[in-house]
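Student: fold the stuff below for me.
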Amino acid sequence: MTETYDFLVGTFNTPEIYTLIFTPPLSSSRSSSGKLEVLHCASAIGSHSWLHLSPVKGDGTRNLYATAWTTPPAVAAYTVKSPTDIQLLNSAPTESRSGYVTANDVALYSVGGATGEVFSLDPKSGKIIAPLEPGHTEANGVGRGNSPEIKPLQHLSFVLNVAQRDDGSVMDFGGLRHGAHSADLSPDGRALYVADIGRNCIWSYLVDTETGKLTHERRQGAPRREDGPRHVWPHPTGKVVYCVQEHTSIVDVYSTYENGLSLHHEQAVRIIPVEKTSKDYWADEVRTSLSSGDKPKYLYASVRGLKEGTKGWVAVYRLTDEGKVKESLGPHRTYAATPMETGLMPDIEFNASYGGLQYLWETPTSGGWANAIQPGPTIDGVEYLAMTDSEQGFVFVLGWDGVEMKEVARTKLNDGAGAATAVWL
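Tutor: Sure thing, here's the model as predicted:
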């Protein structure tokens, strides 16, 4: 019997969490397609633009944390008992609409626009809880009167004297388009990185691993004034991080030092074809492959078309064992969307490199607000990735065999549902 794989998908605009089941193509046939189906649709407290899944607990359950685009805005905690049994634990309000959440055993981190929060978690259940004051046994986070509202352990502010860039362009999302947009922990859990589109920088913090509190804030300006850092993703060793730049469609590679708090710029690679211009796109995601443990072979990155009809792209770059892009490798011919004369290399926007590029794949749609990629299982040498589309509500599974990237399966969510992000179970 063919093994199947499940993943969860949230949406931008409906109070639902979807469970999808993926059946891989037959290994004996390189040309066969896989199958992707909606297995279950669970009710949610609101639309969930971002999902974070915790490791499996001793009882076999996992916690799912999500941004909640509710009124007022919030973050939510669920317990996942099985692919079709997802139960709400609780939620907590945020100052502004959250664009991204991540968590460890003791804290949930949320950022969006000019602000962010650190919430305490119950390590056993995964519930969001009010923080405890030292020397007291009662939580200090209960609102006035009989309000059950949970207060954060820590408030974050990303406001500087330098004005946030806001040119009135499309899809502000209440500040997310022009503010802090992501939060991810280093592999050892000792540092947190926040990508800030509007202030054109990466914020880094040291993490108190006992309480989850953040200290020693540091700001790393982007290499180019046009960049707009969107997401920061760490290499499994923690010695390198990757930042996808929303406005320039570049991935910048940084080395880390001082326990991950400080960053040093090392490389820049482009993730759209050479003849394309970044003003027609907005980059979305960057992730490392999962198939080689702490020495991933590939870096994946995606961009969206800024307007419907402009298709997005997924780029695959080869990594060294240390996590740098292997720029000594010549770029794959797909670096140009149209055939170019041998040896002809036009001026590259922002001087970013294509060295190490293994493949550039054009996506079926613009991706809408999504085109978010999430690496999943590797089967018979093929790495599979989930990719979401909010323009038409598609969810795709892509396959990368080290030679070619291609779509292997797709399905569509309920009418009107815009797929946001996916997490593999």
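
Student: assess the claim that residue 240 and residue 321 are in contact.
Tutor: No - counting by CB atoms under 8 Å, residue 240 stays clear of residue 321, with 10.9 Å between them. All C-beta spots, glycine's among them, are computed from the backbone N, C-alpha and C.

Student: out of those two, which sits in the busier spot?
Tutor: residue 240 (24 against 12; other CB atoms under 10 Å).

Student: from residue 294, how far off is that one?
Tutor: As judged by CB to CB, to the nearest Å, residue 240 and residue 294 stand 12 Å apart.

Student: from residue 270, how far off is the nearest residue to residue 327 once chain neighbours are set aside?
Tutor: With CB to CB, 6 or more residues apart in numbering as the criterion, residue 327 has its nearest non-adjacent residue at 3.2 Å, and that residue is residue 355. To residue 270, residue 355 is 10 Å away according to CB to CB.

Student: neighbour count: the two, which is higher?
Tutor: residue 270 (26 against 17).

Student: ok, the closest residue to that one other than its chain neighbours - contacts?
Tutor: Nearest residue to residue 270, sequence neighbours excluded (CB to CB, 6+ apart): residue 352, at 4.0 Å. Residue 352 is in contact with 248, 250, 268, 269, 270, counting by CB atoms under 8 Å, 6 or more residues apart in numbering.

Student: how does it look with 7 Å?
Tutor: Residues in contact with residue 352 (CB atoms under 7 Å, 6 or more residues apart in numbering) are 250, 268, 269, 270.

Student: need phi/psi at it.
Tutor: Here is the backbone geometry of residue 352 (degrees, to the nearest 10): phi -80, psi 150.

Student: can you check the pLDDT for it?
Tutor: Listed pLDDT for residue 352 reads 83.

Student: ditto for residue 273
Tutor: 95.

Student: hang on, it in a strand?
Tutor: No - Residue 273: not assigned to a strand; according to DSSP: H, G, I helix; E, B strand; the rest coil it is coil.

Student: over to it: give its phi and psi.
Tutor: According to degrees, to the nearest 10, residue 273 has phi -60, psi 160.

Student: surely it touches residue 333?
Tutor: No - in this structure residue 273 lies outside contact range of residue 333 using CB atoms under 7 Å: 10.6 Å.

Student: how far away is residue 333 from residue 126?
Tutor: 47 Å.

Student: between the two, which one's more packed in?
Tutor: residue 126 (24 against 11).

Student: residue contacts, that one?
Tutor: Contact analysis of residue 126 by CB under 7 Å, 6+ apart lists 54, 63, 77, 79, 89.

Student: who's in contact with the last one?
Tutor: With contacts taken as CB under 7 Å, 6+ apart, residue 89 has the following neighbours: 77, 78, 79, 125, 126, 127.

Student: roughly how far does it sit from residue 10?
Tutor: 16 Å.

Student: what about the residue lying closest to residue 263 once chain neighbours are set aside, how many residues nearby?
Tutor: Closest residue in space to residue 263, ignoring its immediate chain neighbours: residue 254 at 4.1 Å, by CB to CB, 6+ apart. Counted with other CB under 10 Å, the neighbours of residue 254 add up to 24.

Student: can you report how many residues neighbour residue 188?
Tutor: By other CB under 10 Å, the residues close to residue 188 number 13.

Student: quick one, phi/psi of it?
Tutor: phi -90, psi 0.

Student: for it, what are its contacts?
Tutor: Contacts of residue 188 by CB under 7 Å, 6+ apart are residue 238.

Student: pLDDT wise, what is it at?
Tutor: pLDDT, residue 188: 98.

Student: could you pull out the buried residues of the helix or strand where residue 80 lies?
Tutor: If you go by DSSP states H and E, residue 80 is part of strand 74-82. By neighbour count with 16 or more other CB atoms under 10 Å, strand 74-82 contains the buried residues 74, 75, 76, 77, 78, 79, 80.
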